[in-house]
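# Structure, please.
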Amino acid sequence: MGTAADAALTFRDATDADVDALVELIESAYRGESSRAGWTTEADILQGQRTDPEGVLEVVKAPDSRLLTVEREGRIVACCQLEHRGDHAYFGMFAVSPALQGAGLGRAVIAEAERQARESWGVTEMHMTVITVREDLIAWYERRGYRRTGRTTPFPYGDERFGIPQRDDLAFELLVKELVRPAYGVPPPPPGIRPGGL
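Below is the predicted model:
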């Protein structure tokens with residue numbers, strides 16, 4: 001079986017026609033038994049849905065928002081949301097197919113997302129929120145240059161669109177990364193695939 005490095009990745013903006021495939025990808029990466037094949041699973045802390053077609057379509061259609069879709073050999077294998085918010089971009093709805101996690105695909109996707117946000121919108125920071133109990137995931141983002149801010153927002157308990165919590169201590173923490181432009185005359189490296197990471 002090949003690895004994520006065996007085939008080129010294609011990055012493009014999602015369209016209405018991608019919604020069902022994207023919902024399936026996101027659910028497979030975070031919920032249920034299929035998510036346990038990868039390490040991003042939230043199955044032990046949240047049950048129910050992670051998103052739905054309406055939520056994905058809203059991101060696709062929203063102004064100043066893009067749902068970056070990543071294909072390999074014609075199949076959607078990853079995605080992430082990019083939203084322009086003034087001097088920064090918000091990074092969310094990040095999912096990598098569980099079968100491809102651990103081969104560097106996630107690292108390549110987040111690097112390309114940062115590059116596109118910086119070049120398209122001229123933003124100087126990328127922001128994201130991560131569930132505070134996901135220490136392994138937060139550590140992965142820290143290795144990518146994100147820093148914890150200690151600024152938290154409550155989990156939306158009672159809103160099953162975000163899942164059914166299995167514990168009562170969930171909250172989101174804001175993580176921030178400064179997006180530094182490459183030195184003049186030195187092109188940014190392509191979003192390469194290296195072993196290890198998401």
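
# Would you map the helices across the protein?
Residue ranges of the helices in the chain, as given by DSSP state H, are 19-30, 53-61, 105-121, 135-143.

# weakest of the ones you listed by average pLDDT?
Comparing mean pLDDT over the helices of the chain, the weakest stretch is helix 19-30, at a mean of 86.

# Show me what it is packed up against.
Secondary-structure packing of helix 19-30 (3 or more C-beta pairs under 8 Å, 6 or more residues apart in numbering; DSSP states H and E): helix 53-61, strand 75-85, strand 88-96. Glycine gets a C-beta too; all of them are placed from N, C-alpha and C.

# thinking again about what came up before, so which of the helices of the chain comes closest to residue 70?
Ranking the helices of the chain by their distance to residue 70 (criterion: C-beta to C-beta) puts helix 105-121 first, at 5.6 Å.

# Can you give me the separation between the residue most central in space within the chain and residue 145?
When the chain is reduced to its mean C-alpha position, the nearest residue by C-alpha atoms, centre = their mean turns out to be residue 94, at 1.7 Å. In this structure, residue 94 and residue 145 are 15 Å apart, going by C-beta to C-beta, to the nearest Å.

# hmm, back to that, without its sequence neighbours, what residue ends up closest to the residue nearest to the centre of the chain?
Counting by C-beta to C-beta, 6 or more residues apart in numbering, the nearest residue to residue 94 once its immediate chain neighbours are dropped is residue 80, at 4.4 Å.

# Just put the helices of the chain in TSV and tack on mean neighbour count and distance to residue 89.
Below are these laid out as TSV (neighbours: other C-beta atoms under 10 Å; distance: least, C-beta to C-beta, whole Å):
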stretch	mean neighbour count	distance to residue 89
helix 19-30	20	19
helix 53-61	16	13
helix 105-121	20	4
helix 135-143	14	15
